[in-house]
Each structure stands twice: as C-alpha cells, then as structure tokens.
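Enquirer: Sequence and predicted structure, then a few things I'm wondering about:
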Amino acid sequence: MNNSFTHTIAVDGPAASGKGTIARRLAQELGYYHLDTGLLYRAVGWLAKDQIDDELACGKIAAGLDPSQLRDPGFVSNLPSESTGELASRVSVYPQVRTALLAFQRKIAILSPGAVLDGRDIGTVVCPDAGKKLFITATIEIRAQRRWKQLISSQTSLTYEQVLHSLQGRDQRDSTRSTAPLKKAADALLIDSSHLTIDEVYARAIGHIRS
Ligand code: DC
C-alpha cells in the first residue's frame, strides 16, 4: 500500500468490547498516536445535552468543538459515564455531527510515525485505506459485565441489568443508523474477546499488525 493512511491502525467494535484498551496498548508499543474517537462524540453529547433532539444545534456544537477541551480534566471527567455514552450515541446518528468530526479524525490518522484510532466506523468510513484493521467484539452479557465492573469501581449506582439495557440500546442505535453504522470492514481481522484475556486479545492484535 502506498498512501498516507499506510501507518493508520483502525480498531472498531461495540461499546465495552475492550477495543480502547487494545488501541492504547498498540499505540504505546508502536510509539504511535492514539485517538479514542468515542471521546469526541461523548464531548458533543455532553455539550449538547439540552438540545439533544435538535440536529442543527448538535451539528453546530460538533463543528465548534475545540479538541483541546479534551485535555481539560474538569471537562473530561463528565465523559466516561454511561449516561454520557447514551448522549454520545444519540448525537452520533446525525450526519451533520459525523461530518463535522471527520476532518479532525483524519488529521490525527495521518500523523507520523503512525496512529491508532478506535471507534465504530474507522475502518469503513473515516480511514477505509487504513494499513491495518481490527474489529473487536464480545457477547453483550460479557460486555455489560465488564462495563458494570468498570463503573462500580468509579461512580455508579447502576445495576448490572441497567448497564445491560443501556448497552443493548446503544448497540441497536449504533448499528442501525443510516450514516456510518457500526460494521466490520471486509478487510478487518475479527477478534471475539468473549473468552479471551486482554493479553490474549492483544497478542492476536499485535500479531496481525506485524504480519
Ligand atoms: O466508544 P464509546 O462508548 O466511547 O462511544 C460512545 C458513542 O459514540 C457510541 O455509542 C457511538 C458513538 N461513536 C460513533 O458513532 N463513532 C465512533 N467512531 C465512535 C463513537
């Protein structure tokens, strides 16, 4: 391959599949940049929380998003919760929001020496020419368990059933939206992490990148 996305690694998958952990570790190992694209949608969802049904308003907020806000710990502390994930999923169906966030993602994707981007549509829409692509998934019950454990160690009083219900809603919305739905790229390596440790998933991922 000979294009500017040669050193881009696309890591896609549903919520709580482990893709973020794998993407971060790959970037660290390879000395690449890392962008968690979900954070961009979470930031827009949070900022647009009072206008969530208004596509035009959400699109304007996305267009005006200053990515340096993502370095502000006060702002970023609003983003990990499951309720912000829900807001992110709702604004992510709007084509205007997706278009507004595209250029920034591509700018990061072509940074030298390389970049790992994780999200839902990196291998299909943001960087279809990425040099390597992974699609990491797991059963909904296992993902809900993982997310619930993560959340109870921080701030939540949500039950496992509530987390499961929220993930089901997000999966459904993220994979059925008409613009850039969650979907495995034809040339992505599928890793089902349901019965693998994070080290086993990582071994498959880095093996594929180095192949
Ligand atoms: O990966 P995450 O849970 O932080 O993502 C939050 C929401 O953002 C997710 O439910 C859908 C949306 N999203 C998206 O539509 N496209 C991406 N590339 C990343 C996230």
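Expert: Yep, that arrived.
Enquirer: The residue sitting nearest the centre point of the chain bridge partners, please.
Expert: By Cα atoms, centre = their mean, the chain has its centre lying nearest to G119, at 2.6 Å. With DSSP bridges as the criterion, G119 is bridged to D12.
Enquirer: That one is in contact with A130, isn't it?
Expert: No - between G119 and A130 there is no contact under Cβ atoms under 8 Å: 11.5 Å. For every residue, glycine as well, the C-beta is placed using N, CA and C.
Enquirer: residues of the top helix by length along the chain that come out buried?
Expert: Using DSSP state H to define each element, the chain has its longest helix at helix 160-176. By 16 or more other Cβ atoms under 10 Å, the buried positions in helix 160-176 come out as V163, L164, S166, L167, R170, D171, R173, D174.
Enquirer: in the chain, which spans are helices?
Expert: 19-30, 37-47, 55-63, 73-76, 82-91, 95-109, 140-152, 160-176, 198-210.
Enquirer: one step back: now tabulate the buried residues of helix 160-176 in JSON lines and tack on distance to the ligand and pLDDT.
Expert: What follows is the buried residues of helix 160-176, written out as JSON lines (distance: Cβ to the nearest ligand atom, whole Å; pLDDT from 0 to 100):
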{"residue": "V163", "distance to the ligand": "12", "pLDDT": "92"}
{"residue": "L164", "distance to the ligand": "15", "pLDDT": "95"}
{"residue": "S166", "distance to the ligand": "10", "pLDDT": "91"}
{"residue": "L167", "distance to the ligand": "9", "pLDDT": "93"}
{"residue": "R170", "distance to the ligand": "4", "pLDDT": "91"}
{"residue": "D171", "distance to the ligand": "8", "pLDDT": "93"}
{"residue": "R173", "distance to the ligand": "7", "pLDDT": "92"}
{"residue": "D174", "distance to the ligand": "5", "pLDDT": "92"}
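Enquirer: residues in the protein within reach of the ligand, list them.
Expert: Within reach of the ligand by Cβ under 6 Å from any ligand atom, the chain has these residues: 15, 37-38, 41-42, 85, 88-89, 92, 119-121, 170, 174.
Enquirer: The same query, at a cut-off of 5 Å, please.
Expert: When proximity is defined as Cβ under 5 Å from any ligand atom, the chain approaches the ligand at A15, T37, G38, Y41, G85, A88, S89, S92, G119, R120, R170, D174.
Enquirer: For the residues you listed, work out which two are farthest apart.
Expert: Within these, T37 and R170 form the most distant pair, 14.9 Å apart (Cβ to Cβ).
Enquirer: circling back: the longest helix of the chain relative to helix 140-152, how many degrees between them?
Expert: Angle of helix 160-176 versus helix 140-152, following axes from the mean of the first three to the mean of the last three Cα atoms, to 10 degrees, is 120 degrees.
Enquirer: How far off centre is helix 160-176?
Expert: 15 Å (Cα atoms, centre = their mean, to the nearest Å).
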